[in-house]
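Student: structure for the following, please:
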Amino acid sequence: MAKSRTKKRTHVGASNPKFKAPPAGRSAVQDPKSMVIRIGAGEVGSSVSQLAKDVRQVMEPGTASRLKERRANRLRDYVTMTGPLGVTHLLLFSRSDSGNTNLRIATTPRGPTLHFRVEKYSLCKDIRRAQRHPLGGGKEYTTPPLLIMNNISTPGADANSKVPKHLESLTTTIFQSLFPRINPQTTPLKSIRRVLLLNREPATEEDDGSFVLNFRHYAIVTKAAGVSKQLRRLDAAEKLFSAKNRKGGVPNLGKLEDISEYMIGGENGEGYVTDGTSGSEADTDAEVEVLEDAPRRVLSSKARAAKLESGDKGIEVEERVERRRVKLVELGPRMKLRMTKVEEGLCSGKTMWHEHIHKSKQEIKDLENRWEQRKQEKDARRKEQKANVEKKQKERAASGAKNKKDDAAGEEEDDDDIEMNGNNSDLFEDMMEDDDNEMDSEGLAGDAEEALNALMGDEEWEDEREEIAG
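Tutor: Next comes the predicted model:
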């Protein structure tokens with residue numbers, strides 16, 4: 001019997017990550033969603049296009065990972081779809097006429113927008129090529145990364161500083177809103193597999209008004225603490241041997257007299273050393289305590305039987321705490337972002353801060369008055385457009401009622417025409433029944449025959465009539 005088809009693309013019950021339940025400790029309703037877009041599909045170049053794909057991978061799983069940009073798409077097209085799709089942030093990569101790569105981070109639907117210039121960047125493939133043991137693709141991207149921000153706020157900054165304090169707070173809030181919030185009490189540590197680090201470079205005396213961020217992306221790798229590298233190798237080899245049921249992977253101990261020569265090292269120094277001088281992890285690796293998800297039973301069989309005889313069916317459970325070393329492996333990409341401008345709206349609106357352009361209080365006041373005037377003009381145009389729409393709707397309603405009235409009058413006229421046509425037919429019948437106006441079909445036929453005889457002659461007419469009759 002043929003197997004029934006299971007729809008896996010759009011149905012809720014299918015194996016679609018979009019419809020799966022959120023991990024423990026996270027809220028699916030409030031989780032932000034983003035779109036990483038390259039503006040000017042064929043004009044930005046292959047490197048910037050790959051950079052957008054790498055950043056899209058960093059933002060997973062709460063991003064449009066299969067987004068395809070077209071040359072005809074404009075920013076308005078994406079902004080229009082943010083509402084129906086529930087998109088909260090837009091990350092826009094573009095390239096200016098001078099060749100600079102720019103990044104805009106905008107919150108929908110009303111902004112604000114942070115403008116960055118990407119001074120330097122390295123793609124994921126460049127990071128992997130530079131590593132000796134790059135980390136392969138695993139389950140790191142099934143959960144969002146942990147955001148770590150360093151040195152974003154400057155001590156002693158205020159509203160009159162070159163980089164005002166409210167700008168630092170705004171930047172912190174926007175970057176925090178890119179990823180879902182976590183609850184340290186309920187979020188399991190195993191669900192945190194990546195780290196996104198944003199480190200602000202300290203401003204120099206020559207460039208005091210700068211706001212430069214270093215963008216780094218790492219994967220979290222943990223190993224059991226208190227276990228030497230040799231034991232881990234033996235454990236990994238045993239798992240490999242048992243899983244694939246083949247020889248290989250186990251170290252060759254045939255030339256050793258005792259296992260201690262492999263674990264500690266022989267007198268000649270050719271063995272592995274586990275005293276910390278070599279073969280162990282670096283001392284800078286951090287250690288954390290991880291609570292095991294599956295608790296273990298600690299009661300013996302006799303104690304369990306005694307509890308069952310006494311009627312107590314409860315089983316004591318021990319929560320095992322394991323110490324593990326934490327190591328970070330860089331995944332990429334790397335970016336050096338310099339903030340150039342902050343706008344009030346979504347990629348448009350009043351400039352709140354600019355790196356190079358500084359205005360006086362009078363210029364700021366004039367700018368405020370100009371924006372207020374623009375706002376009043378815009379509101380007036382909206383009111384006028386609304387009044388025009390209502391007027392047109394009333395006119396359509398009135399014309400519709402008039403058309404209905406004309407249609408009703410036309411139907412009455414058609415009824416009168418039908419009645420008049422009926423009277424004419426009666427009059428015609430009366431005329432036909434009148435003796436004076438009765439038509440004699442035989443007389444008309446005789447007159448026609450006489451006329452033909454006169455034209456053609458009697459003999460010719462007789463021959464023609466015989467041919468017709470034949």
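Student: give the contact list for I357.
Tutor: Applying CB atoms under 8 Å, 6 or more residues apart in numbering, one finds that I357 lies in contact with T351. (Each C-beta comes from the backbone N, C-alpha and C, glycine too.)
Student: confidence score at it?
Tutor: With respect to pLDDT, I357 scores 84.
Student: let me know the helix or strand that it is in.
Tutor: Assigned by DSSP states H and E, I357 belongs to neither a helix nor a strand.
Student: shaky segments in the stretch 351-470 of the chain?
Tutor: 407-470 (pLDDT under 70).
Student: and for the stretch 201-350 of the chain?
Tutor: If you take pLDDT under 70 as the line, the stretch 201-350 of the chain has these spans: 226-252, 259-286, 288-301, 304, 307-320.
Student: same thing but 90
Tutor: For the stretch 201-350 of the chain, residues meeting the criterion pLDDT under 90 lie at 202-210, 221-327, 332, 344-345, 347-350.
Student: residue boundaries of the strands in the stretch 251-400 of the chain?
Tutor: Counting by DSSP state E, counting those that start in this stretch, one finds strands in the stretch 251-400 of the chain at the ranges 286-291, 296-297, 317-318, 321-330, 334-343, 351-354.
Student: and the last one, what's buried?
Tutor: It stands for strand 351-354. 352-353 (16 or more other CB atoms under 10 Å).
Student: so which elements touch that strand?
Tutor: Here strand 351-354 touches strand 334-343, going by 3 or more CB pairs under 8 Å, 6 or more residues apart in numbering; DSSP states H and E.
Student: what's the answer for the fifth one, then?
Tutor: Strand 334-343 makes packing contacts with strand 113-122, helix 165-176, strand 212-224, strand 351-354 when contacts are defined by 3+ CB pairs under 8 Å, 6+ apart.
Student: CSV for the ones you listed, including distance to E322?
Tutor: As requested, the helices and strands packed on strand 334-343 are arranged in CSV below (distance: least, CB to CB, whole Å):
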stretch, distance to E322
strand 113-122, 35
helix 165-176, 31
strand 212-224, 7
strand 351-354, 48
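Student: which one of these lies nearest to P32?
Tutor: Nearest to P32, of all the helices and strands packed on strand 334-343, is helix 165-176, at 9.8 Å by CB to CB.
Student: and for that closest one, what's in contact with it?
Tutor: Outside helix 165-176, the residues touching it (CB under 8 Å, 6+ apart) are 105, 107, 112, 114, 147, 149, 152-154, 157-159, 198, 211, 339, 342, 352-353.
Student: what about 10 Å?
Tutor: For helix 165-176, the surrounding residues in contact (CB atoms under 10 Å, 6 or more residues apart in numbering) are 32, 89, 105-107, 112-114, 147, 149, 152-154, 156-159, 161, 163-164, 196, 198, 200, 211, 213, 339, 342, 352-353.
Student: list buried residues within the residues you listed.
Tutor: For the contacts of helix 165-176, buried by 16+ other CB under 10 Å: 32, 89, 105-107, 112-114, 149, 154, 157, 163-164, 196, 198, 200, 211, 213, 339, 342, 352-353.
Student: quick one: the host helix or strand of L103 to strand 212-224, angle?
Tutor: If you go by DSSP H and E, L103 is part of strand 101-107. Put simply, strand 101-107 runs at 80 degrees to strand 212-224, going by axes from the mean of the first three to the mean of the last three CA atoms, to 10 degrees.
Student: may I have strand 101-107 as CSV, with CA atoms only?
Tutor: Presented in CSV, the C-alpha positions along strand 101-107 are these (Å, rounded to 0.1, in the frame of the first residue of the first chain):
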residue,chain,number,x,y,z
THR,A,101,29.9,49.8,2.5
ASN,A,102,27.1,51.0,4.8
LEU,A,103,24.8,49.2,7.3
ARG,A,104,21.5,50.6,8.5
ILE,A,105,19.7,49.1,11.5
ALA,A,106,16.1,50.2,11.6
THR,A,107,13.3,49.3,14.0
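Student: average pLDDT for that strand?
Tutor: Taken as a whole, strand 101-107 has an average pLDDT of 95.
Student: neighbouring strands for that strand, and are they parallel or not?
Tutor: If you go by DSSP bridges, strand 101-107 pairs up with strand 89-95 (antiparallel), strand 113-122 (antiparallel).
Student: deepest of these, which one?
Tutor: Greatest average neighbour count among the strands paired with strand 101-107 goes to strand 89-95 (a mean of 20), per mean count of other CB atoms under 10 Å.
Student: and it with helix 165-176, angle?
Tutor: Using the same axes, to 10 degrees, strand 89-95 lies at 100 degrees relative to helix 165-176.
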